[in-house]
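Engineer: A predicted structure for the sequence below; I have some questions about it.
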Amino acid sequence: MKKIILKTAGLVLFIGLLTISSCGSTKEALAISDVEKKAFEQKKGDTIAIANEEAEYEIIIIEPGFDFWLKSVAKPKNYYSQSYLENRNRIYVTNWNQRVLQPQRYGANLYELQIDYDPNIDYGYEVNYKLYNYFIYFQRKYNQRLGPFFPRI
């Protein structure tokens, strides 16, 4: 199984080879709920793992609060189509990788390693769903923007 290691401020993310504009206002799109604040304040590391055995890809996310956030704040599975997730992940991965190459500008602690995400490979729904939601979690928790749209729930 192929793996890449990503670390960001207490996070270790192992990834196997791995526009719709906002309808609301900026404040509304970025508003952090009490439940989300609770997830962001957690100190104990969660571990989320999902693998696509057929494609031999795996994603493992170790980040305090992410599992809680995924279960309590994120949209449920099948809310988004796989093509939506793939399109957003392509944008997020591209911007992530550009930031890895500019550590003085974006902070080496947040963006340490590149993600090898090939849009021509079908990683499956689970891998795309968890990767997408990690990007939303990351952007909201660390006040980052990895695309032209606001990271909203």
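Structural biologist: Everything's here; your move. If you're wondering where the values come from, they're calculated on a predicted model, not measured in any experiment.
Engineer: what about the strands in the protein?
Structural biologist: Here the chain has its strands, by DSSP state E, at 4-8, 11-15, 47-52, 57-62.
Engineer: partners of the third one in the sheet?
Structural biologist: The strands beside strand 47-52 in its sheet (DSSP bridges) come out as strand 57-62 (antiparallel).
Engineer: In PDB, list the C-alpha atoms belonging to the partner strand.
Structural biologist: Output in PDB follows, covering the C-alpha atoms of strand 57-62 (Å, rounded to 0.1, in the frame of the first residue of the first chain):
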ATOM      1  CA  TYR A  57      -5.100   3.700  -1.300                       C
ATOM      2  CA  GLU A  58      -5.500   4.600   2.400                       C
ATOM      3  CA  ILE A  59      -6.100   7.700   4.400                       C
ATOM      4  CA  ILE A  60      -5.300   7.900   8.100                       C
ATOM      5  CA  ILE A  61      -6.000  11.200   9.900                       C
ATOM      6  CA  ILE A  62      -4.700  11.800  13.400                       C
END
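Engineer: Work out the gap between that strand and the centre of the chain.
Structural biologist: 11 Å (C-alpha atoms, centre = their mean, to the nearest Å).
Engineer: again, but for stretch 96-108
Structural biologist: With C-alpha atoms, centre = their mean, you get 16 Å for stretch 96-108.
Engineer: Give me the contacts around that stretch.
Structural biologist: 110-115, 135, 146 (C-beta atoms under 8 Å, 6 or more residues apart in numbering). Every C-beta, even on glycine, is put in place using the N, C-alpha and C of the backbone.
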